[in-house]
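> coords please:
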Amino acid sequence: MATTGKTVLQASLDVFRAHGMTTIFGNPGSNELPFLAGLGDDFRFVLGLHEQVVVGMAEGFSRVTGRPVLVNLHAASGSGNGMGALTNAHYGHVPLVVLAGQQVRRTVGQEAMLASADAAALPTPLVKYSHEPLSAADVPRTLSQAAFEAATQPSGPVYVSVPLDDWDEPALDDDELLPQRSVSTGRGIDPELEQELLTSLNGAKRPALVVGPQVDAAAVADSSVMEAAMSLAEKLDASVYIAPSPTRCPFPTTHPNFEGVLVPGIQSVRDQLADHDLVLVLGAAVFRYHRWEPSNYLTPGTEVIQITQDPREATRAPFGKAVITDVGRTTVTLAKQITDRGTRRGERGSRIMSPAATSAEGMTGGEVLEVLNEHVDDSVSYVNETTTLDLDYLERVAIDRPGMYSFPASGGLGFGLPVAVGMSIGAPEKTIVATVGDGSANYGITALYTAAQLQTRTVFVIINNSSYGALAGFAQRMGVPKVPGLTLGGIDFVSLAQGYGVPAKQTSTRAEFAAAYREALEASGPVLIDASIVS
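Numbering: from 1, shown residues only. Take a look at the predicted model:
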């Protein structure tokens with residue numbers, strides 16, 4: 001019975017309010033107009049000029065707020081445009097609710113213009129949940145389920161397609177119950193299993209920790225998790241590595257136990273872990289390789305135990321024992337219960353970073369990172385989409401707080417610029433510094449428009465080597481150096497930025513870059529610096 005007098009749209013907006021989802025990232029189309037026209041004054045619509053940028057900005061906003069975020073896309077075409085960014089959100093466990101507009105319900109089967117013929121199938125397998133309600137009356141409940149699905153561990157994006165004529169249909173009486181719902185999950189670890197873990201760790205002669213993005217995500221919500229990770233490493237006298245292809249920085253790079261990032265190849269990981277008899281993987285997949293390096297996974301005698309919140313990460317791993325549980329709570333528990341070996345490698349923050357390589361031909365990428373490191377403070381957070389500097393970055397920049405560093409989870413280009421803008425919108429008190437390769441920048445360049453319109457505190461540093469540098473490196477390693485299409489040139493990022501309304505400068509020496517960066521940090525709005533480097 002529909003007697004409340006509310007429409008499906010009004011009941012759905014109540015659901016979004018209950019979940020704190022009142023900031024919407026989108027690029028509107030005709031199917032979305034009835035939804036957007038009915039938003040209340042308490043909703044904020046953030047316009048992006050391309051759907052990949054829209055999804056990326058929403059990911060950045062979610063990373064800094066820790067909340068599920070609403071994304072509004074246009075039917076099949078808009079959803080398709082956004083799916084490149086959706087790969088990053090999926091593997092980064094970012095809770096997004098993607099709401100796609102559908103054609104008038106009775107015309108979908110006819111495949112009318114702008115109808116999505118099989119909407120629920122379109123974004124799979126990049127979402128946890130995908131659905132188009134079978135009736136208008138089920139739209140509010142479906143959106144409630146979607147919000148809970150997105151936020152429940154393992155968190156991630158979900159997708160709901162809603163026909164445009166559903167919004168004005170009458171809501172159900174029982175929809176009033178939806179904003180009152182809650183979903184809770186157990187956070188403890190079985191005492192017997194806890195004791196097994198402690199026995200294994202205490203008995204290890206040369207333990208190592210491999211920490212992943214779930215630790216940093218937990219630490220953003222509860223700072224004691226980062227403290228516990230450091231304490232666990234110190235008590236075990238364990239070497240600490242960051243899991244391959246890190247989407248976050250879950251351990252301080254200035255800590256004396258920090259040994260760097262695992263290089264994402266089978267042989268490389270095997271070699272880096274060869275001296276350890278027990279490897280505890282906290283909050284990461286085992287392992288997300290990138291380079292193809294044929295080898296056995298582990299040196300004989302190396303045992304791997306994985307703690308993860310993602311059942312799929314646990315079941316798909318090719319080796320090791322896995323425990324599915326709350327990573328933050330388990331890290332804190334283990335740190336409290338583990339036996340302290342009484343050995344310390346130095347004071348926290350004492351790790352010394354090696355100097356960057358220089359070149360007579362011009363500024364190097366390492367020098368850019370050193371300049372960034374000279375200005376690290378509590379007000380700055382970093383986004384990195386420079387695949388040629390992905391390993392160097394966490395070796396050279398002092399990242400020591402939860403949520404301070406973000407990197408794309410899937411390698412899909414176009415992450416850096418929009419995610420940085422989304423983070424600036426979600427945390428306006430911070431300065432977000434984004435280092436983005438010149439190849440990657442072109443996939444998300446329209447994010448500059450939103451930054452200019454909202455005057456976000458974002459510094460965009462284009463690491464410009466006039467090429468797809470990472471691909472050139474892969475081509476060399478794969479023995480196929482003569483690959484077409486890897487050289488870029490003639491792209492004037494300064495003019496592009498100024499065209500979107502963002503002040504910009506070009507630099508080619510360390511002194512020029514340092515001066516431009518200092519000025520950018522003092523600006524009240526967005527700034528772009530084109531930093532030309534030698535490969």
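
> all contacts plus neighbour counts: C-alpha atoms, from now on.
Noted.

> for stretch 215-226, how far is the first residue from the last?
Using C-alpha to C-alpha, to the nearest Å, one end of stretch 215-226 lies 7 Å from the other.

> and it, how far out from the chain's middle?
On the basis of C-alpha atoms, centre = their mean, to the nearest Å, stretch 215-226 sits 15 Å off its chain's mean C-alpha point.

> now do the closest residue to Leu448 other than its chain neighbours: how many residues are near it, please.
Leaving aside its chain neighbours, Leu448 sits nearest to Tyr500 (6.0 Å; criterion: C-alpha to C-alpha, 6 or more residues apart in numbering). Applying other C-alpha atoms under 10 Å, we find 17 residues neighbouring Tyr500.

> now the spatially most central residue of the chain. Nearest residue, chain neighbours left out?
Central residue of the chain (C-alpha atoms, centre = their mean): Gly92, 4.7 Å from the mean position. Spatially, and ignoring its direct neighbours in sequence, Gly92 is nearest to Ala409 (5.1 Å; C-alpha to C-alpha, 6+ apart).

> and the gap between the closest residue to Val419 other than its chain neighbours and Gly212?
For Val419, ignoring the flanking residues on the chain, the nearest one in space by C-alpha to C-alpha, 6+ apart is Gly60 at 4.1 Å. Gly60 sits 18 Å away from Gly212, taking C-alpha to C-alpha as the criterion.

> the two: which has the busier surroundings?
Remark: of Gly60 and Gly212, Gly60 carries more neighbours, 29 against 26, as counted by other C-alpha under 10 Å.

> doesn't Gly422 make contact with that one?
Yes. Gly60 lies in contact with Gly422 (C-alpha atoms under 8 Å); the separation is 4.3 Å.

> am I right that the residue nearest to Gly92 is in a helix?
No. Applying DSSP: H, G, I helix; E, B strand; the rest coil, one finds Ala409 to be coil, outside a helix.

> which stretches of the stretch 101-250 of the chain have low pLDDT?
Within the stretch 101-250 of the chain, the stretches with pLDDT under 70 are 186-187.

> can you do 90?
Flagging of the stretch 101-250 of the chain using pLDDT under 90 yields the residue ranges 113, 153-154, 181-193, 221, 223, 244-246.

> now the helices for it?
Ranges of helices in the stretch 101-250 of the chain, per DSSP state H, counting those that start in this stretch, are 139-151, 191-203, 213-221, 224-236.

> that older thread, quick one, what contacts the residue nearest to Leu448?
Shown in contact with Tyr500 (C-alpha atoms under 8 Å, 6 or more residues apart in numbering): Thr446, Leu448, Tyr449, Ala452.

> that one and Leu49, how far apart?
11 Å.

> same question, Pro318
Distance from Pro318 to Leu49, by C-alpha to C-alpha: 41 Å.

> name the residue in those two with the higher neighbour count.
Ranked by neighbour count (other C-alpha under 10 Å), Pro318 and Leu49 place Leu49 first, with 17 against 10.

> the more buried one touches Phe25, doesn't it?
No. Applying C-alpha under 8 Å, one finds Leu49 not in contact with Phe25, separated by 10.5 Å.

> quick one: which helix or strand includes the residue nearest to Val53 when sequence neighbours are not counted?
Once flanking residues are discounted, Val53 sits nearest to Pro418: 5.2 Å by C-alpha to C-alpha, 6+ apart. Using DSSP states H and E, Pro418 maps to helix 416-426.

> name the helices or strands packed onto that helix?
If you count contacts as 3 or more C-alpha pairs under 8 Å, 6 or more residues apart in numbering; DSSP states H and E, helix 416-426 packs onto helix 51-65, strand 380-385, strand 431-437, helix 438-441, helix 447-454, strand 458-464.

> looking at these, which one has the lowest mean pLDDT?
The weakest mean pLDDT among the helices and strands packed on helix 416-426 belongs to helix 438-441, with a mean of 90.

> what angle separates the helix holding Pro418 from strand 431-437?
Angle, helix 416-426 to strand 431-437, by axes from the mean of the first three to the mean of the last three C-alpha atoms, to 10 degrees: 170 degrees.

> report the rounded mean pLDDT for helix 416-426.
The average pLDDT within helix 416-426 is 97.

> next, count neighbours for Glu192.
8.

> what about it, distance to Val54?
According to C-alpha to C-alpha, Glu192 stands 46 Å off from Val54.

> so what's the closest residue to Pro311 other than its chain neighbours up against?
Using C-alpha to C-alpha, 6+ apart and skipping the chain neighbours, the partner closest in space to Pro311 is Ile324 (6.3 Å). By C-alpha under 8 Å, 6+ apart, the contact list for Ile324 reads Ile307, Thr308, Gln309, Asp310, Pro311, Ala314.

> ok so, going back, now the contacts of Tyr500 as JSON lines including distance to Asp41 and neighbour count?
Shown next, in JSON lines, are the contacts of Tyr500 (distance: C-alpha to C-alpha, whole Å; neighbours: other C-alpha atoms under 10 Å):
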{"residue": "Thr446", "distance to Asp41": "27", "neighbour count": "21"}
{"residue": "Leu448", "distance to Asp41": "26", "neighbour count": "30"}
{"residue": "Tyr449", "distance to Asp41": "24", "neighbour count": "20"}
{"residue": "Ala452", "distance to Asp41": "23", "neighbour count": "21"}
